[in-house]
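1. mind folding the following:
(one chain, ligands or ions: 2)
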Amino acid sequence: MASRGSTRANGVSQTKICQFKLVLLGDMAVGKSSLVLRFVKGQFDEFQETTIGAAFLAQSVCLDDTTVKFEIWDTAGQERYHSLAPMYYRGAQAAIVVFDITKPETFDRAKAWVKELQRQASPNIVIALAGNKSDLSEKRMVEFEEAQAYAEDTGLLFMETSAKTAMNQRKCPNQMPKTQLMLPATEV
Ligand SMILES: Nc1nc2c(ncn2[C@@H]2O[C@H](COP(=O)(O)OP(=O)(O)OP(=O)(O)O)[C@@H](O)[C@H]2O)c(=O)[nH]1
Ligand SMILES: [Mg+2]
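-> Ligands and ions are numbered 1, 2, ... in the order given. Below you'll find the model as predicted:
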């Protein structure tokens with residue numbers, strides 16, 4: 001992670017600034033763009049349009065004494081854009097692989113993304129798995145415990161999220177630089 005900070009003559013350290021490249025991957029319509037929109041603008045759109053190619057958004061967040069400048073690549077889930085994905089995950093410090101808890105096939109697709117990242121992305125990449133649309137629990141088809149067990153076996157961070165209700169939408173991106181920067185893993 002690119003970082004800079006300084007210490008004044010009196011020994012008091014100033015805020016460090018880190019750039020943090022984050023990529024979102026996952027099947028179409030699982031809610032990648034909605035999670036990013038919630039994280040960056042605090043909004044949710046029931047009629048969020050499908051992403052073409054990829055979208056870039058930036059967001060700065062203060063975590064302890066560090067300002068983290070997130071550079072977020074929101075990729076398109078449609079299969080025809082799959083071959084573009086390496087352009088976005090190459091050099092990324094972190095990836096959030098998203099699935100929809102009401103669609104088991106999107107969990108299978110998420111596992112395939114994790115395999116691809118573990119084979120081809122930077123060996124230090126931090127990967128999180130997000131089971132999105134947790135507000136639709138009555139339509140749930142992927143059990144929390146199943147996804148959690150897979151994440152534990154595979155060495156991923158895991159959480160369920162809802163871009164609609166904003167549940168855990170900050171926790172996931174904010175936890176990732178903490179993991180890389182070895183900052184204390186406090187509630188975010
Ligand atoms: N109920 C509910 N709906 C959601 C949630 N997140 C996204 N949606 C809806 O799911 C649909 C797809 O969301 P997008 O954010 O466009 O999904 P995406 O993964 O970016 O899709 P692609 O760009 O096609 O890959 C939209 O109608 C959203 O409003 C959520 O947490 N809960
Ligand atoms: Mg999208």
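
2. let me know the helix or strand that Arg38 is in.
-> Per DSSP states H and E, Arg38 falls inside helix 32-41.

3. near ligand 2, anything from that helix?
-> Yes. Residues of helix 32-41 contacting ligand 2 under Cβ under 5 Å from the ion: Lys32, Ser33. (C-beta placed from N, C-alpha, C; glycine too.)

4. residues from this protein in reach of ligand 1?
-> 26, 28-34, 45-48, 50-51, 76-78, 132-133, 135-136, 162-164 (Cβ under 6 Å from any ligand atom).

5. now name the helix or strand holding the closest residue to Gln120 other than its chain neighbours.
-> Nearest residue to Gln120, sequence neighbours excluded (Cβ to Cβ, 6 or more residues apart in numbering): Pro86, at 6.4 Å. Assigned by DSSP H and E, Pro86 belongs to helix 85-89.

6. give me the helices and strands touching that helix, please.
-> strand 16-26, strand 66-75, helix 104-120 (3 or more Cβ pairs under 8 Å, 6 or more residues apart in numbering; DSSP states H and E).

7. helix or strand right after that helix?
-> By DSSP H and E, the next helix or strand past helix 85-89 is strand 94-100.

8. that following strand pairs with which strands?
-> strand 16-26 (parallel), strand 126-132 (parallel) (DSSP bridges).

9. out of the ones you listed, flag the one nearest ligand 2.
-> Ranking the strands paired with strand 94-100 by proximity to ligand 2 (Cβ to the ion) places strand 16-26 first, at 8.2 Å.
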